[in-house]
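**Q** Predicted structure and sequence below. I'll ask about it afterward.
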Amino acid sequence: MPPLTRWFIKSALVFLVAALVVRLLQTANSLTAGNAYINALGPVYFHMFLVGWVTQLVFGIVFWMFPKYSLDHPRRSERLGWWIFWLLNIGLGLRVIAEPLNSIHPATGWGWLLVLSAVLQWLAGMGFVANSWGRVKAK
Amino acid sequence: MPVLSVFFIRTSLFYLALGFTYGSWMLINKGVAAAPSFWGALPAHIEFLLIGWVIQLILGVAFWILPRFSHEPTRGNERLAWLSYIMINIGIWMVLLSPLFYELPWLSLLGRLMETGAALLFVLHAWPRIKAVGA
């Protein structure tokens, strides 16, 4: 298993557990007076689960398993692959921090971190499409 | 990789790009309130990513990877899988475009029926391929 795939999958596993912990906190929070920060974690939960776990796991497996791009560059661009990894994880991490804080304290600057998060994740997604497209081919 | 898997997976990558783009617009809008109309992208964001990206990628890989038969056709009834591909994509666009056709209120329901039908057809295709080696 190539190193990049190992990093993608381990990171995906971390996000899986983290997403379920967030869900657990939300459920516990609903039984009490309700902490405002935890109340604001709804979108964070969805995206940790769907982007951090599901999509990232897919990225890692695709990078490993899809047909070779060429003999010289079997996985197309490893460098782009690493960029995708860091863009996705930093972007999602920024969302985890900034989204609830922006909900609770709007117009205090946290919103700009969300903008950065959006751009980083978008670049990761487009990078993945670009790096994988040529590997989706018939024999 | 079989041709149908190429179709499924490349289409799923297209939806990944669309879904991430719509999602990024909305997240930017959440951060700096660029344009309230961006929130209208939420149903499309969800549809593109859950149905268009995740499900279609899985169907494409499954069609490729699931055990094959020792007799022709080795991937069983491929026509069912092709129909599934066509129906799921028509369904996605019916659901997404239905708000524009208020004079056709049944369009989103028909779209969902197409998506569900696509899933059932793929199940019919794939079920016999879920087997032990040599079976």
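**A** Received it, and whenever you're ready, just let me know what you need.
**Q** for chain B, what are the nearby residues on chain A?
**A** A:50, A:54-55, A:58, A:66-67, A:95, A:98-99, A:102, A:110-115, A:117-119, A:121-122, A:125-126, A:128-129, A:132-133, A:136-139 (Cβ under 8 Å from any Cβ of the partner chain). All C-beta spots, glycine's among them, are computed from the backbone N, C-alpha and C.
**Q** Filter those residues down to the buried ones, PyMOL style.
**A** In PyMOL syntax, the buried subset of the residues of chain A next to chain B is picked out as below (16 or more other Cβ atoms under 10 Å in any protein chain shown):
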select buried, chain A and resi 50+54+55+58+66+95+98+99+102+110+111+113+114+115+117+118+119+121+122+125+126+128+129+132+133+136+137
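**Q** Now tell me which helix or strand of chain B has the poorest mean pLDDT.
**A** The weakest-scoring helix or strand in chain B, judged by mean pLDDT, DSSP states H and E, is helix B:42-46 (a mean of 93).
**Q** near chain A, anything from the next helix-or-strand element following that one?
**A** Per DSSP states H and E, the first helix or strand lying C-terminal to helix B:42-46 is helix B:56-65. Yes - legend: contact between helix B:56-65 and chain A by Cβ under 8 Å from any Cβ is shown at B:Leu57.
**Q** Pull the distance from the next helix or strand after helix B:56-65 to the chain's centre.
**A** Downstream of helix B:56-65, the next assigned helix or strand under DSSP H and E is helix B:78-97. Chain-centre distance of helix B:78-97: 7 Å, with Cα atoms, centre = their mean, to the nearest Å.
**Q** repeat for stretch A:41-54
**A** 8 Å.
**Q** Please spell out which residues along that stretch are buried.
**A** A:Leu41, A:Val44, A:Tyr45, A:His47, A:Met48, A:Phe49, A:Leu50, A:Val51, A:Gly52, A:Trp53, A:Val54.
**Q** so the fifth one makes contact with A:Leu92?
**A** Yes - shown here, A:Met48 and A:Leu92 form a contact pair, counting by Cβ atoms under 8 Å, at 7.1 Å.
**Q** now chain B, which segments are flagged as low pLDDT?
**A** Within chain B, no range satisfies pLDDT under 70.
**Q** Which positions in it make contact with chain A?
**A** B:1-3, B:5-6, B:9-10, B:13-14, B:16-17, B:20-21, B:23-25, B:27-28, B:30-33, B:49, B:53-54, B:57.
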